[in-house]
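Participant: Here is my input, please return the structure:
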Amino acid sequence: MILTEHPRPSHTFVHISDTHLPGEPAPLYGSGTDADANLSLMLARLVDSGLRPDALLMTGDMADRGDASSYRRLRALVEPAAEALGCEVVWAAGNHDSRAEMRTELALGAAAAGSTDDVDAADAPITAVRWFGGLRVIVADSNVPGSHWGEMTAAQLSWLANELATPAPDGTLLLMHHPPLPTVLDLAVTVELRDQPALAAVLRGSDVRGILSGHVHHPSFGTFVGIPVAVASSSAYGQDLAQPVGATRGQDAAQGYNLVHVYADSIVHSVVSLERGATVGEPVAPDDAARRIAGVGIGWRERA
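Facilitator: Here you go, the predicted model:
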């Protein structure tokens with residue numbers, strides 16, 4: 001028997017970002033874009049797929065204006081889906097979010113010890129450390145209240161460095177809204193993550209295996225101090241990158257999420273589009289795929 005080159009993944013996550021639910025159900029920004037309906041459809045398809053992820057990783061801009069009502073509707077959509085999928089939900093905050101409303105409406109609790117700046121606890125950065133077996137997921141908060149650009153404060157960096165001082169058995173995934181990558185949209189330099197060398201100094205040589213972000217509304221991939229960075233699109237609306245160089249155009253299209261499959265020596269990020277087209281070629285059901293694999297003498301390699 002021939003064995004597959006890789007075993008099944010040890011962990012699977014669903015990376016969703018920028019849901020942008022408005023205060024009340026209504027089209028976004030005077031367009032026909034229905035953020036509530038798009039997220040509902042995305043979650044329904046996930047549930048119907050039979051996937052059993054470890055967690056939904058939500059990387060910020062959950063609400064469009066930080067309204068309490070947005071988070072209530074968000075929770076009413078996401079929590080039943082997570083229950084059906086049999087997984088946790090990990091929340092990160094974005095520049096459109098209200099930290100105080102997120103804490104109250106999403107039941108996030110108090111600020112993590114050692115992670116706050118000199119601000120009221122309700123408005124302190126939203127951070128978390130979650131464990132999935134030996135794999136650690138750290139949530140950082142790159143937001144600057146009152147601004148759309150991001151930055152990691154000295155207190156945030158100190159907290160992150162302290163968490164990373166002890167390596168995790170299977171490494172770490174870092175969640176933060178603003179991606180530490182160059183932007184391919186000129187206008188996005190006004191809202192990018194600033195002072196990236198300060199973050200680089202903390203992450204260089206750490207056990208962080210991947211950085212998951214959102215913010216820019218289009219899938220994007222790169223590296224930061226040698227660490228792979230994966231940016232998910234938005235479930236609300238996407239960016240049209242086929243514009244004249246230097247131009248920016250949001251569109252009611254290109255919405256999606258990322259599947260994250262974790263292996264011992266690799267992490268694979270796969271973009272899944274909200275849009276579905278006509279079938280091309282022969283569709284293959286799961287049981288038929290299994291029979292075909294076995295029929296050519298291929299077996300799944302066991303995880304070490």
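Participant: What is the burial count for residue 203?
Facilitator: 21 (other C-beta atoms under 10 Å). In short, each C-beta sits where N, CA and C put it, glycine included.
Participant: where does it sit relative to residue 224, distance-wise?
Facilitator: Separation of residue 203 from residue 224 (C-beta to C-beta, to the nearest Å): 7 Å.
Participant: try residue 256
Facilitator: 22 Å.
Participant: show me the contacts for residue 215.
Facilitator: Residue 215 makes contact with 17-18, 59-61, 94-95, 150, 177-179, 191, 231, according to C-beta atoms under 8 Å, 6 or more residues apart in numbering.
Participant: run the last query once more with 10 Å
Facilitator: For residue 215, the contacting residues are 17-18, 59-61, 94-96, 142, 148-150, 176-179, 181, 183, 188, 191-193, 231-232, 234, by C-beta atoms under 10 Å, 6 or more residues apart in numbering.
Participant: likewise residue 97?
Facilitator: Neighbouring residues of residue 97 by C-beta under 10 Å, 6+ apart: 60-66, 70-71, 91, 106, 126, 141, 143, 177.
Participant: In helices only, show me those residues.
Facilitator: Secondary structure from DSSP state H places 70-71 of the contacts of residue 97 in helices.
Participant: Residue 26 contacts residue 37, correct?
Facilitator: No. Using C-beta atoms under 10 Å, residue 26 is not in contact with residue 37; the gap is 11.2 Å.
Participant: which residues of this protein fall in helices?
Facilitator: Under DSSP H, the chain gives helices at 35-49, 68-85, 99-105, 154-164, 196-203, 286-295.
Participant: out of the ones you listed, which comes closest to residue 132?
Facilitator: Nearest to residue 132 among the helices of the chain is helix 68-85; the distance by C-beta to C-beta comes to 14.2 Å.
Participant: Kindly calculate the angle that the closest one makes with helix 35-49.
Facilitator: Relative orientation of helix 68-85 versus helix 35-49 (axes from the mean of the first three to the mean of the last three C-alpha atoms, to 10 degrees): 10 degrees.
Participant: what mean pLDDT would you report for helix 68-85?
Facilitator: Averaged across helix 68-85, the pLDDT comes to 98.
Participant: cool, and stretch 149-156?
Facilitator: Averaged across stretch 149-156, pLDDT comes to 96.
Participant: Please apply the same query to stretch 131-139.
Facilitator: Stretch 131-139 comes out at a mean pLDDT of 98.
Participant: Could you do stretch 209-225 as well?
Facilitator: Per-residue scores along stretch 209-225 average to 98.
Participant: Give the buried residues for it.
Facilitator: Of all the residues in stretch 209-225, those buried under the rule 16 or more other C-beta atoms under 10 Å are 209-220, 224-225.
Participant: can you check stretch 226-245 too?
Facilitator: By neighbour count on 16+ other C-beta under 10 Å, the buried set for stretch 226-245 is 227-239.
Participant: Need these in TSV (columns: distance to residue 248).
Facilitator: Conversion of these to TSV gives the following (distance: C-beta to C-beta, whole Å):
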residue	distance to residue 248
227	27
228	26
229	21
230	22
231	16
232	19
233	15
234	14
235	19
236	16
237	12
238	12
239	7
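Participant: What about those, which are in strands?
Facilitator: Using DSSP state E, the subset of the buried residues of stretch 226-245 located in strands is 227-231, 238-239.
Participant: Now for those residues: which two are most distant?
Facilitator: For these, the farthest-apart pair by C-beta to C-beta is 227 and 238; their separation is 25.2 Å.
Participant: how about low-confidence regions in the stretch 1-150 of the chain?
Facilitator: For the stretch 1-150 of the chain, the stretches flagged by pLDDT under 70 are 109-120.
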